[in-house]
Every structure is written in C-alpha cells, then in structure tokens.
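1. one predicted model, sequence on top.
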Amino acid sequence: MSSPLGAILRELLSAAGGTSELLAQLQEQSGDAAAAPWLTILGRAVARGEASPEALHPRVATVAMVLLRNEFVVRGAPTAPDDALVEIVDEVYLPLLRGRGTSPA
C-alpha cells in the first residue's frame, strides 16, 4: 500500500465512497484470491507459534486490509492516520490472530 501503485489504489479507494460502481468492483476483488497471500503469511506465523491455527481463515486473513480500505473510503482521504493504523493492528488484528479458537472464560 505504500508503493506508487498503492498510492493509486489509495486514491481510488478514497474516491470510491461516492461511486457505487467502483465499490461493486472492489467487492468482486475481495474474495478468496485476495486472501491467498495473507493466508500464506498467516501460515508462517502459525508455524512459528505467533498465531492460532484457527486464524487460517480468509476473513481473518484479510480483516486488517478491509479495515484499512474502509478508512480510505469513509474518510475520503488517500492516507490513514497513524493512530488508526495502530488501532487496526494492535487492537483488532493481533488479538484476533492470537485469540481465535480460545473459549471465553
């Protein structure tokens, strides 16, 4: 997302908030193919003991990117504030990866 191509994508996402056609295209591209690279990364984290094996699920794998994409669309800006990034990773994604599959006390 920080590459020149990522900048283009961020601009498109920020403009998508008011364009139902573009949002529909984004939804089509958010399927299992989009999850594949993230599932590979999560598989490595599971092998190292850094994530629960139950985290190997397409929705879990892509939740951080979906939340980030939502930041661009909702804010209508091609960047997300650092505090939003920290919240997505530290408060949502990492606890989800580490705690998935554990039963509540």
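-> That came in fine, so what should we check first?

2. going forward, measure contacts and count neighbours with C-alpha atoms only.
-> Fine.

3. break down the protein into its helices, ranges please.
-> 4-16, 20-28, 32-47, 58-75, 82-86, 94-99 (DSSP state H).

4. can you pull the contacts of the residue lying closest to Thr62 once chain neighbours are set aside?
-> Excluding its sequence neighbours, the residue lying closest to Thr62 (CA to CA, 6 or more residues apart in numbering) is Ala35, at 5.8 Å. Neighbour list for Ala35: 58-59, 61-62 [criterion: CA atoms under 8 Å, 6 or more residues apart in numbering].

5. and Glu11, how far from Val92?
-> 24 Å (CA to CA, to the nearest Å).

6. more neighbours: the two, which one.
-> Between Glu11 and Val92, counting by other CA atoms under 10 Å, Glu11 is the more crowded of the two (17 against 14).

7. wait, that one sits on Val73?
-> No - between Glu11 and Val73 there is no contact under CA atoms under 8 Å: 9.3 Å.

8. hmm, back to that, so which of the contacts of Ala35 is the most crowded?
-> With neighbours taken as other CA under 10 Å, the top of the contacts of Ala35 is Ala61, carrying 24 neighbours.

9. let's have the helices of the chain in TSV, adding mean pLDDT.
-> Formatted as TSV, those follow (pLDDT from 0 to 100):
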stretch	mean pLDDT
helix 4-16	68
helix 20-28	63
helix 32-47	86
helix 58-75	84
helix 82-86	91
helix 94-99	88
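
10. around Gly49, count how many other residues there are.
-> 11.

11. same question for Ala47.
-> 11.

12. separation between it and Ile41?
-> Taking CA to CA, one finds Ala47 at 10 Å from Ile41.

13. now do Leu68
-> When Leu68 is compared with Ile41 (using CA to CA), they lie 18 Å apart.

14. so between those two, which is more surrounded?
-> Set side by side, Leu68 and Ile41 show more neighbours around Leu68, with 20 against 12, by other CA under 10 Å.

15. so the more buried one sits right up against Leu85, yeah?
-> Yes - the criterion here is CA under 8 Å, and Leu68 meets it with Leu85 at 7.5 Å.

16. stretch 72-85: which residues count as buried?
-> By neighbour count on 16 or more other CA atoms under 10 Å, the buried set for stretch 72-85 is 72-73, 76-80.
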